[in-house]
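Visitor: build the 3D model from these lines:
(3 chains)
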Amino acid sequence: MSTNQWLATGNFNTAYQQEQRNFLTHLDRSIFSIFLILLYVWIPLMDLSNKYMLVVDNILIAIVAVMGLNLVTGFAGLISIGHAAFVGIGAYTVASFCQVIGDRHIIITHFWPVMIVISGFVGAAFGAVVGLPALRLKHLYLAIATLSFQMIFQWVINFMSFFNQGQTIFVGRVFWFTGKVGRKDHYMFWYFVILTIVVILGFGIRNLLKTKYGRCLVAVRDNDRAADAMGMNPGLTKVYAFALAGFFAGVAGALHAYVYRGVGFESFTLHESVGYLAMAIVGGLGTLNGSFWGPTALKYLDLQVEHLSEVAGQYLPSTMNLSTAMKPFTFGLVIVLFLMFEPRGIANWWRIAKSYTKLWPFRY
Amino acid sequence: MKTKTTLLFNALLVLAVVFAFSASAWAGKVYKIGFSGAITGPTSDAGNPLSKGIEDWFKYVNDTKMLGDDKIEYIIRDDQYKTDVTKRNFEEYLDEGIVFYLNYSTGSTLGLKRDFEEEEMPVAPSSYHEGNLVDSNYIFIPVATYSENVVALAEYVKNNHKGAGNPKVAMFIHPSAFGRGPLEDTKKAVEAGLAIDIVEVVEHGKDLDNSAMLKRLMSKGVQYVICHTVQSPVATMLKDAKRLGVQAASFGEAGKLTFLGAHYTGGSDLIALAPGACEGFLWTCSYNLTSEGNAKAKKQLDLAKKYGRDDKAANSHNYAAGILQAQIPTMAIIAAQKAGMEVNPENLYKMLQKMSGDKAFDSFATVGPVSYSNIDRIGVDLVNIYEVKGEQFKAISSIESEFMKKVRARMK
Amino acid sequence: MSYFFQIVVSGMVVGSIYALAALGLVLVYKSSRVANFAHGQIIAAGAFITFYLTTTVGIPIFFSFLASMVITFFLAMSVERIFLRRLIGEPIISVIMVTIGLASIIDGLIYLTPFGTENFSFPPFLPQDPLSLGGVSISWTQLVGMIITFIMIGGFSWFFKKSTVGISMRAVSDDQFGSMSVGISVPRVFGLAWATAGLSAAAAGCIIGNITGLNFDTLHAFGIVVFPVVILGGLDSILGAVVAGIIMGLIQQFASGYLDGNWGLNGTGDVMPYVILLIILLFKPHGLFGIHEIERV
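Guide: A predicted model of the protein is given here:
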C-alpha cells in the first residue's frame, strides 16, 4: 500500500478489506465530495428556467429508473422490455392513494417520502411476480414475456375506471419544513430530493455489487448453470434481480408522479420502455456510471435535436417534415452507432479517460 | 456523472444566449403564442394538418397586418402525443412569456389543467373532451365537444327513425377514456329521456376482421352504429359491412346497419381509407368542409394556396380546426387592442369571456359563430351532419344538441 | 351456429395474415438468431412502396406488388449488410437494440415523406362482393391474403427442405462454425435470410394495408402484434408460425366475439394474445415448436 493516500497510483491492495473501500485514495474521495457539493449548489447559482429545471429533474428520474434496469439487464443479463410498466406501477401506487384518500390528503402531501418508499416496494413486489417466468424462460423468450407484461399493464390502466382509464390522476403539492412547495420552487425542490435519492441509491448499488448478492447477479449473467454448480441459486437470483429493478422503477415512478403532479398512462408506454433500454445501452450496460451517462446523453440529445431541427426547418420547404423526422432518426442513429462502434457505451470512454489520467504522463 | 453536468451547463448557457438575441427588435409589439401537439406519432394524421392550419393563420395575420404594427410570434412544437413533453414545452412557453397557449391532446389538456389554473393562462385545446371543462376555468374549447357530437347523432337517429319503437343503437368506441367519455354522456342522455336503446357497446382493438361483431349486432336487431373513435378502425368496419351486405342503402333502412360517427371518425381521411365503402356514412362536425364549395370554403382554400399547402392538407377539416384554434387568440388580441388594453393572458381571458352576442366572431372555418362567455367555454355549439355522397361529405342538416344541455344541467 | 363458424373462419383468415407477417421474423431468427423489432417498419415500407408505384408512377398494382417485394428484398439485404453484419456474435441485447434503433431510423425516414402522417388506400383491384358459404363470408382480399400466405409458407418450407441454399441456411442456424468449415458463406446466408424476410414483409404489408387502409401507425404496430405469434410458435419454426398465427387469430376473434360486452369486459382482443402467451410460456418455455436448446456450462 502506498504511503501517501493522496498521490497513490495503481493498485496496492494488501488486504481484502482494502478492496472493499468506497474510495481508493483520498484524492478520489475529495474529488467526489467536491463534485457532489457542486451538484447541490450549481442549480441555485444558475437560476435555470423552469423548462430546463424540468429537463434536469426528468433526467434524474430517468437515472433512477435506468439504475434499476441496469441491475436486471446489465448486471443480471435479463432483458426487460417492460421497464416503463414498472415505473408506471410506482406512479400508479401514488395515484391509487390519491384516488382513495384524495390528492390533498396529509399522507400524500406531508408524508411523501413514505409514499416514495411504498411505491418502491410495490414496484419490487410486481417485479418479483413478473420475474417468475424468468425461472423457466431465457433470452428472447424472457424479453417477450416482459413485453407482454408491458402490454397487459397498458390494457389494465386503460380499462379500469379506478385508474381514470389512463387519464391524468392529479397529485397534490407537497409540504416541506418551510411550508408548501409552491410553483416557483417546485422543480428546484424536487431536484434536491431526487439528487439525494440518486446518491443514496447509487451508493446502494455500489455496495451491493461488493456483496455476495451482487456477485451472484454477475455470475448468473455470465453463466447461470455454472453459477448453479457453484452453489448459488440462479432462480432466486433472477427473481430478486427483477424485484430490485422493480424497486428502483417504483421509486422513479413515484418521483415522476410528484414532479409532474399527475399520472397519465402516456408516460409509461412501450416507447418509454425502449427509451430506458436505449439509455442503459448508450450509457454502458453493466456499469454504475453508465446509468448516469445514458439518460443525460439521450435526453440532452433529444433537446438539442429539437432546437437544431427548428432552425433547419426555417430554411426548408414547409412540405418537408424535417424538424419532426429528425427526433426518431437521430435517436435510432445514436443507438445503432453506439452498438456498432462502442458497444460498451459512454462508460467505456469514462473508463479510458480515468485510466489515462491515472497513469499520465506514462502510457502504461 | 462528473463532467456531464458541466457539459449540460455550458450548452444551456449557449442556448440561453442564442435565445436572448434571437428575439428581433420590432417597431410594434410582439405577442408570443405557443402550440404543442402531435405532429408525428399517434394521431399525427390529425395533428399534422392542424399544425399547418395554425401556422398559416398566424402567417396570414402578420402578412396582412391584421394587428396593425403588432405581430404574433408563434412557436410550434411537436410533442409526439407525450404528456411529459407537452409539459416541458408549456414550461418553456411560460418562460418565453406567451400570452395565449394552444394545446393538442386530451391527455395533456387534462394533465396540465392545474397548471393552466395556477398560471391563469387561457388555453385553446384541439381536444374537445367534455372533461376539459370540469374544475377548470381557463380552457376554451373551440367547437362542440365530443359528447355533444355523439349525443347530437343519437338525437338525429331518434328524430329520423321511421320504424316502430325506440331505435336500437350500438356504440363502436375507442378503447380509452377518449371513447368512453361520450358514451357515458350518451347513457346519461338516455336517462334524461332520449328515446333510444343502446343495445351493445363495442370497444374495438386492432381488428383485421369485424364480420363476427357485425353479425352479432345484426342478430341483436341493431339498426344504427354510432362510432366514436379514429378513422382507421371505422374504415375497416365499413369495408367489412359492405362486404357482408349489411350496409343500409338509405338512412335507417330496416334490417340493415346505418353507420354514424363523431368528429374524429370522418373527414377526407375516412374517404382516403375506405373509398367506396363509406357511402352513406353520417358524420358530425362543427367545421365547414371544402366539399361544400361555399364562400367560406374558398377562403380556406385560398389561405392554403397562399402558403403552398397541398390539396390533402387544404381540404382537411383538421386544417380548418387549426385555423380556428389560431383565430381564437387572434380575435381576443384584436378585442383587447380595441378596448385599449394591454395584451396579456389576463386581459385575453377577460376578452374571451365577453365574446358573446354581437362580439362573437364568425369564422370561415366553422359552420356557426364562435362565442364564449363566463359560463360558456365552448366556441361553436352548432354541429353539421354530413353524409358521404359520391366520395364527398355533403351537409344534410345542422343540429344543436338539446339533450347534452339537459345532461349538463343534471350534472350541476 | 353460423355466428360460431363466422368467428372460426374470421379467426383463421386473420390468423393466416398474422402468420405471413410473422414469417419474416421467423426467417431472420432461424438463420441469424436476431429478433427483428424493425419488422413492422419494413411491413409499412413495403405497403407504401407498392402504393407509391401504383398511384404516382402508375404501374399496374400486381406489378408494383412484385416490384415492392423486390425492393424490400434488397432493402432488407442492405440493412443486414450495413448494420447487422458487424454485430455477429454480439450479445442478444445488442442485437435487439440495433433493430430497435433501426426501427427508429426508418420511422424518421418515413416521417420525411407524406406517408408518415397521412392516410391512403390502395385502389380496389379485387372484386368487392364477398364470397359466401352457408352464411359465412370472407372477402376477396382476405382470401387472396390467405392464398398468398400459404403459397409463401409452402414455398419457404420447400426451400428450406430441398434447395441447397435453404439447407445451408438451416445448417448455419444449427452451427455457425460447423457450417463455415464445410464451405458455407455465413454472411451470405444472413443476407439472404434478411432479404427473404423483407420480401415476405412487403407481401404482408400489402395485404394488411388492403384491409385496414394505409396508415403508418396502424401498419408498423403489426411488427409488435406478431411477436406473441412468433414466440408462441417457437422462434425458429415456420410451421410454428402458421399454427400459432391461426391460434392467435382464433383467440383474438373468440375473445372479442364472446368476452367483449360480457362481464363488463371490452377490448380483450388486443390483450388476450399476451395473456395466453404468458400462460403457454410457463409450460412450454420454447414455444410450441421451438427447438429446446441444450446448454452446456
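Visitor: make it CA atoms for all contacts and neighbour counts henceforth
Guide: Noted.
Visitor: would residue B:364 count as being in a helix?
Guide: No: with DSSP: H, G, I helix; E, B strand; the rest coil as the criterion, residue B:364 is coil rather than part of a helix.
Visitor: and it, how close does it get to chain A?
Guide: Applying Cα to the nearest Cα, to the nearest Å, the value for residue B:364 to chain A is 23 Å.
Visitor: residues in contact with that residue?
Guide: If a contact means Cα atoms under 8 Å, 6 or more residues apart in numbering or on different chains, then residue B:364 has B:288, B:296-297, B:299-300 as its contacts.
Visitor: can you check residue A:257 too?
Guide: Counting by Cα under 8 Å, 6+ apart, the residues that residue A:257 touches are A:91, A:94-95, A:171, A:263.
Visitor: give me the next element, helix or strand, following the longest helix belonging to chain C.
Guide: Using DSSP state H, we find that the single longest helix of chain C is helix C:2-32. For helix C:2-32, the following helix or strand on the C-terminal side (DSSP states H and E) is helix C:39-52.
Visitor: run the chain-centre distance for the longest helix of chain C.
Guide: Centroid separation for helix C:2-32 versus its chain: 9 Å, with Cα atoms, centre = their mean, to the nearest Å.
Visitor: now for that helix, which elements pack on it?
Guide: Here helix C:2-32 touches helix B:211-219, helix C:39-52, strand C:136-138, helix C:140-162, helix C:164-174, helix C:186-212, helix C:227-233, helix C:238-254, going by 3 or more Cα pairs under 8 Å, 6 or more residues apart in numbering or on different chains; DSSP states H and E.
Visitor: is any residue of the last one near chain A?
Guide: No: shown here: helix C:238-254 not in contact with chain A (Cα under 8 Å from any Cα of the partner chain), separated by at least 14.1 Å.
Visitor: could you count how many residues lie near the closest residue to residue C:256 other than its chain neighbours?
Guide: Using Cα to Cα, 6 or more residues apart in numbering or on different chains and skipping residues adjacent in sequence, the residue nearest residue C:256 is residue C:269, 5.0 Å away. Burial measure for residue C:269: 25 neighbouring residues, criterion other Cα atoms under 10 Å in any protein chain shown.
Visitor: who in chain A is up against chain B?
Guide: Counting by Cα under 8 Å from any Cα, chain A sits next to chain B at A:35, A:39, A:49-51, A:54-55, A:158-159, A:164-170, A:260, A:262-264, A:266-267, A:289, A:292-293, A:296, A:300, A:319, A:324-325.
Visitor: ok, of these, which come out buried?
Guide: Using 16 or more other Cα atoms under 10 Å in any protein chain shown as the burial test, the residues of chain A next to chain B include A:35, A:39, A:50-51, A:54-55, A:158-159, A:164-170, A:260, A:262-264, A:266-267, A:289, A:292-293, A:296, A:300, A:324-325 as buried.
Visitor: and chain C, which of those reach it?
Guide: Answer for these near chain C (Cα under 8 Å from any Cα): A:324-325.
Visitor: can you pull the residues of the stretch 51-200 of chain A lying near chain C?
Guide: Residues of the stretch 51-200 of chain A lying near chain C (Cα under 8 Å from any Cα): A:79, A:133, A:136-137, A:139-141, A:144-145, A:148-149, A:151-152, A:155.
Visitor: what's the closest of these to chain B?
Guide: residue A:155 (9.0 Å; Cα to the nearest Cα).
Visitor: got the buried residues for whichever strand or helix holds the closest one?
Guide: Assigned by DSSP H and E, residue A:155 belongs to helix A:139-159. Residues A:140-155, A:157-159 are the ones in helix A:139-159 that count as buried (16+ other Cα under 10 Å).
Visitor: go on, stretch B:153-162?
Guide: B:153-158, B:161.
Visitor: which residues are contacting it?
Guide: Against stretch B:153-162 from outside (Cα under 8 Å, 6+ apart): B:166-167, B:186, B:194-196, B:224, B:226, B:252, B:260-262, B:284, B:401, B:403.
Visitor: mind checking which of these are in helices?
Guide: Here DSSP H is the test, and the contacts of stretch B:153-162 give B:186, B:403 as lying in helices.
Visitor: now, which of the contacts of stretch B:153-162 lie within strands?
Guide: Secondary structure from DSSP state E places B:224, B:226, B:260-261, B:284 of the contacts of stretch B:153-162 in strands.
Visitor: just these now: which is nearest chain A?
Guide: residue B:226 (20.5 Å).
Visitor: dihedrals phi and psi, the closest residue to residue B:36 other than its chain neighbours?
Guide: Among residues not flanking residue B:36 along the chain, residue B:77 sits closest, at 4.8 Å (Cα to Cα, 6+ apart). Here is the backbone geometry of residue B:77 (degrees, to the nearest 10): phi -130, psi 150.
Visitor: residues near the closest residue to chain A within the stretch 101-250 of chain B, how many?
Guide: In the stretch 101-250 of chain B, the residue that lies nearest chain A is residue B:111 (5.1 Å; Cα to the nearest Cα). Residues contacting residue B:111 under the criterion other Cα under 10 Å number 25.
Visitor: quick one: it and residue A:166 touch, right?
Guide: No: in this structure residue B:111 lies outside contact range of residue A:166 using Cα atoms under 8 Å: 10.7 Å.
Visitor: give me the common contacts of the two.
Guide: residue A:264.
Visitor: which element follows the helix or strand harbouring residue B:118 toward the C-terminus?
Guide: Take DSSP H and E as the rule and residue B:118 turns out to sit in helix B:113-119. Next helix or strand after helix B:113-119 toward the C-terminus (DSSP H and E): strand B:123-125.
Visitor: list the helices and strands that next one packs on?
Guide: By 3+ Cα pairs under 8 Å, 6+ apart, strand B:123-125 packs against strand B:100-103, strand B:141-143, helix B:317-338.
Visitor: which one of the ones you listed lies nearest to chain C?
Guide: Across these, closest to chain C is helix B:317-338 (Cα to the nearest Cα), at 11.7 Å.
Visitor: chain center to the helix or strand that that closest one is followed by: distance?
Guide: The element immediately downstream of helix B:317-338 (helix or strand, assigned by DSSP H and E) is helix B:345-353. The chain centroid and the centroid of helix B:345-353 are separated by 22 Å under Cα atoms, centre = their mean.
Visitor: where in chain A is pLDDT low?
Guide: Applying pLDDT under 70 to chain A picks out residues A:1-12, A:313-314, A:316-323, A:363-364.
Visitor: quick check: longest helix of it.
Guide: helix A:234-260.
Visitor: which element follows that one toward the C-terminus?
Guide: strand A:262-263.
Visitor: give me the number of residues near residue 223?
Guide: Picked chain A for this. Counted with other Cα under 10 Å, residue A:223 comes out at 15.
Visitor: please refer instead to chain C.
Guide: 25.
Visitor: what's the answer for the one 10 residues further on, then?
Guide: Applying other Cα under 10 Å, we find 29 other residues in the vicinity of residue C:233.
Visitor: excluding its backbone neighbours, what's nearest it?
Guide: In space, residue C:233 is closest to residue C:240, 3.9 Å off (Cα to Cα, 6+ apart).
Visitor: just checking, the one you found touches residue C:290?
Guide: Yes: with contact defined as Cα under 8 Å, residue C:240 reaches residue C:290; the gap is 7.5 Å.
Visitor: those two - which one has more neighbours?
Guide: residue C:240 (25 against 21).
Visitor: name the next helix or strand downstream of the helix or strand containing residue A:60, please.
Guide: Here residue A:60, judged by DSSP H and E, is contained in helix A:50-69. Using DSSP H and E, the next helix or strand after helix A:50-69 towards the C-terminus is helix A:83-101.
Visitor: the inter-axis angle of that next one versus helix A:234-260?
Guide: Using axes from the mean of the first three to the mean of the last three Cα atoms, to 10 degrees, the inter-axis angle of helix A:83-101 relative to helix A:234-260 is 60 degrees.
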